[in-house]
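**Q** Have a look at this prediction, sequence included:
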Amino acid sequence: MNKNKTFGVIGVCGANGNLIARILKQRGYNVIGTDLSFKKDCRFAKALEGYDIEVFYGNAPEAFFKKADYIIPPASLSKDSSLFKQMGDKPIFELYDVIEMIQSEKPVFGITGTNGKTTTTTLLKKIAYDNGIKPCEHDLEGMQGNAEFIPILQSRLDGDVGIIEVGTFGVPGTIGRIVKNTGMSGGLITNITPDHLNDLGSFMDYAKVKAEFISELGLGQLIVNGQDPTIMGLLRELDFKGEVITFGVDELPDSIGMKECVCGNEIAVKEIISGCGYYFCKCGLTTPQADYIATNIDLKNRTFDLHTPTEKLTVKMGVDGLHNVYNLTGVIIAAHKFLDLPYDKILPTIASFTGVSGRMEEVAKVKGKDIFVDYAHNPAGVETVLKEFKKLFGDFTTVITVSSESGYVGDIDIFNSALKFSKFIVPASVASQKIAIEKLKSKPELNDRIFLNHIDNFEKTGTLGASEDEVRDGLRKALNLDCEMVIAIGEAATKFKNAVFDL
């Protein structure tokens, strides 16, 4: 492709258009852009700073089409639109044309799972940065960017390596497409627990969407939580031919959970964290001897020992919780194997890492009470976080802002976890308010633990189950209860966490 030619990208304020414009510019092409938004309304205008890309905001003037030799329209642009007609007979490049023309050309590592993806990805990137290795970043402010085409395009941006979070909106084919089109050579699976059941119907349907990560990785290297029977069952069912590295935690289980096996049977899992622990199915699936095992876990002092295939490491943590022992163990392996770093270059970052915004995050102290928020929004995630809070801090009040993507079944499981571990519950989301009413009707004795604030008709969006006013009102109610710690769980809790400062 002649680099003296100019690409005209339509929709540079959208995620895909923004990434495409930057990728082409980084590869030495001339790039101009346009968007219907004005600059002040352009969500990702900041990401274009420093790229010397001329952008026509507010419309696509004739000058844009005159300067462009090739046009890249957004995938959503109708062929019948007036904008499309303005292109005339200019050659058109579609999204997949760009993906085909420009390859990643760097080692790419993917991280997927139901819970812990963002913490794991963020920490692995921090280890890379601390050791002079630059991961490619999508730089789309306020966007997680772990699904659809964002990870694929991100892998084509400048950087020494790609460390890519891989998610799904419950759509089959998404994960497989990401793995295939990033040229991923290795990856990590944190866990697979029920999520997106409204979209996919059953847990095993959801698990098989996650399994695309395994099937598309081919002969790559895969780091997995060996104490998750779903992951180990899928590896066996798909006859994965690449290298498998397992990790786990040597800790006494504290509950029994039932989980569907890939063979169709129900397995009793002696759980260390939700959905993961010790298991045996009559089909022969059983907990393996892990290649890396965490022992002597001291959550109070934030330390554990990690037994590797060659040595024992003493690990100092900067974050709390048994679930983070799993996350950190996976990251240590990935940094050693993928980034090719010795352990003494990895452990200082593990010790200094204090977590990701919105994950067990202490926001403020109000009226002498500590307020935390956590993004947990599916049953396993909520159960794990609240269980760890109980271990670490004792009594607390839970403000529920969740609306589960698994519908009523997920919402009731989340509420039951809150009942199990919390001293008091303040249901802030409409979904949790409705369940609270049901609970109080059938068990009036819960009146001294469940505190309804108000009922309204807020319409949830995805997992955003509460409005900003509901989050604020829920926190206000929680602060008036006889408990020194408050944790607000859910996407709304993290999105509207600044509401705490109004209090």
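**A** Yes, it's here.
**Q** Who are the contact partners of residue 427?
**A** 400, 415, 433, 435, 436, 450, 452, 453, 474 (Cβ atoms under 8 Å, 6 or more residues apart in numbering). Any C-beta I mention is one placed from the backbone N, CA and C, and that applies to glycine too.
**Q** measure residue 79 to residue 88 for me?
**A** 14 Å (Cβ to Cβ, to the nearest Å).
**Q** How about residue 168?
**A** According to Cβ to Cβ, residue 168 and residue 88 sit 38 Å apart.
**Q** just residue 369 next, same as before
**A** 64 Å.
**Q** Include distance to residue 287, pLDDT and secondary structure when you put the contacts of residue 427 into JSON lines, please.
**A** Listed next are those as JSON lines, based on distance: Cβ to Cβ, whole Å; pLDDT from 0 to 100; DSSP: H, G, I helix; E, B strand; the rest coil:
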{"residue": "400", "distance to residue 287": "33", "pLDDT": "91", "secondary structure": "strand"}
{"residue": "415", "distance to residue 287": "30", "pLDDT": "91", "secondary structure": "helix"}
{"residue": "433", "distance to residue 287": "40", "pLDDT": "89", "secondary structure": "helix"}
{"residue": "435", "distance to residue 287": "34", "pLDDT": "89", "secondary structure": "helix"}
{"residue": "436", "distance to residue 287": "37", "pLDDT": "90", "secondary structure": "helix"}
{"residue": "450", "distance to residue 287": "37", "pLDDT": "88", "secondary structure": "strand"}
{"residue": "452", "distance to residue 287": "42", "pLDDT": "82", "secondary structure": "coil"}
{"residue": "453", "distance to residue 287": "43", "pLDDT": "65", "secondary structure": "coil"}
{"residue": "474", "distance to residue 287": "40", "pLDDT": "89", "secondary structure": "helix"}
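**Q** where does the stretch 51-200 of the chain have low pLDDT?
**A** Residues of the stretch 51-200 of the chain meeting the criterion pLDDT under 70: 195-200.
**Q** In it, what residue spans correspond to strands?
**A** For the stretch 51-200 of the chain, strands defined by DSSP state E, counting those that start in this stretch occupy the ranges 54-57, 70-72, 108-112, 162-165, 186-189.
**Q** mind checking which of those is nearest residue 26?
**A** Among the strands of the stretch 51-200 of the chain, the nearest to residue 26 by Cβ to Cβ is strand 162-165 (13.9 Å).
**Q** what sits up against the closest one?
**A** Strand 162-165 has contacts (Cβ under 8 Å, 6+ apart) with 104, 106-112, 117-118, 121, 124-125, 128, 135-136, 144-146, 151, 154-155, 178, 182, 184.
**Q** Walk me through the domains of the chain.
**A** Domain segmentation of the chain under automatic domain parsing yields 6-101, 108-248+316-352, 361-502.
**Q** need those domains in a markdown table with distance to residue 284, can you?
**A** Listed next are the domains of the chain as a markdown table, based on distance: least, Cβ to Cβ, whole Å:
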| stretch | distance to residue 284 |
| --- | --- |
| domain 6-101 | 41 |
| domain 108-248+316-352 | 9 |
| domain 361-502 | 25 |
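**Q** Go through those and name the closest to residue 296.
**A** Residue 296 sits nearest to domain 108-248+316-352 of all the domains of the chain, at 10.8 Å, using Cβ to Cβ.
**Q** mind checking the end-to-end distance for that closest one?
**A** One end of domain 108-248+316-352 sits 25 Å from the other (Cα to Cα, to the nearest Å).
**Q** what about residue 369 and residue 88, which has more around it?
**A** residue 369 (18 against 8; other Cβ atoms under 10 Å).
**Q** Just want the phi and psi numbers for the more buried one.
**A** Backbone torsions of residue 369, given as degrees, to the nearest 10, read phi -110, psi 140.
**Q** surely it meets residue 485?
**A** Yes. Residue 369 is within contact range of residue 485, at 6.6 Å (criterion: Cβ atoms under 8 Å).
**Q** tell me the pLDDT at residue 2?
**A** At residue 2, the model reports a pLDDT of 68.
**Q** hmm, which of the contacts of strand 162-165 are the buried ones?
**A** Buried residues within the contacts of strand 162-165, counting neighbours by 16 or more other Cβ atoms under 10 Å: 104, 106-112, 117-118, 121, 124-125, 128, 135-136, 145-146, 151, 154-155, 178, 182, 184.
**Q** now, which of these lie within helices?
**A** 117, 118, 121, 124, 125, 128, 151, 154, 178, 182 (DSSP state H).
**Q** From residue 356, how far out is the first one?
**A** Plainly put, residue 117 is 10 Å away from residue 356 if you go by Cβ to Cβ.
**Q** Then the second one?
**A** Between residue 118 and residue 356 the computed distance is 6 Å (Cβ to Cβ).
**Q** What is the host helix or strand of residue 383 packed up against?
**A** Here residue 383 sits within helix 379-393, counting by DSSP states H and E. Judged by 3 or more Cβ pairs under 8 Å, 6 or more residues apart in numbering; DSSP states H and E, the packing partners of helix 379-393 are helix 322-337, helix 407-421, strand 485-489.
**Q** Can you give me the buried ones in that helix?
**A** Here helix 379-393 shows 379, 380, 381, 382, 383, 384, 385, 386, 387, 388, 389 as buried, counting by 16+ other Cβ under 10 Å.
**Q** pretty sure the first one contacts residue 406?
**A** Read that as residue 379. Yes. Judged on Cβ under 8 Å, residue 379 makes contact with residue 406 at a distance of 7.2 Å.
**Q** Which neighbours do the two have in common?
**A** Residues touching both residue 379 and residue 406 (Cβ under 8 Å, 6+ apart) are 194, 413.
**Q** mind giving me CSV with the contacts of residue 427 and columns for distance to residue 97 and neighbour count?
**A** Converted to CSV, the contacts of residue 427 look like this (distance: Cβ to Cβ, whole Å; neighbours: other Cβ atoms under 10 Å):
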residue, distance to residue 97, neighbour count
400, 46, 31
415, 48, 26
433, 49, 22
435, 49, 23
436, 52, 22
450, 56, 21
452, 55, 16
453, 53, 18
474, 48, 30
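**Q** from those, which single one is nearest residue 271?
**A** Among the contacts of residue 427, residue 415 lies closest to residue 271 (Cβ to Cβ), at 19.1 Å.
**Q** Can I take it that residue 425 is in a strand?
**A** Yes. Remark: residue 425 belongs to a strand, assigned using DSSP: H, G, I helix; E, B strand; the rest coil.
**Q** Could you tell me how many residues sit around it?
**A** Close neighbours of residue 425, defined as other Cβ under 10 Å, add up to 25.
**Q** Also the one 4 residues further on?
**A** Residue 429 is flanked by 31 other residues according to other Cβ under 10 Å.
**Q** any idea how far it is from residue 498?
**A** From residue 429 to residue 498 the distance is 18 Å (Cβ to Cβ).
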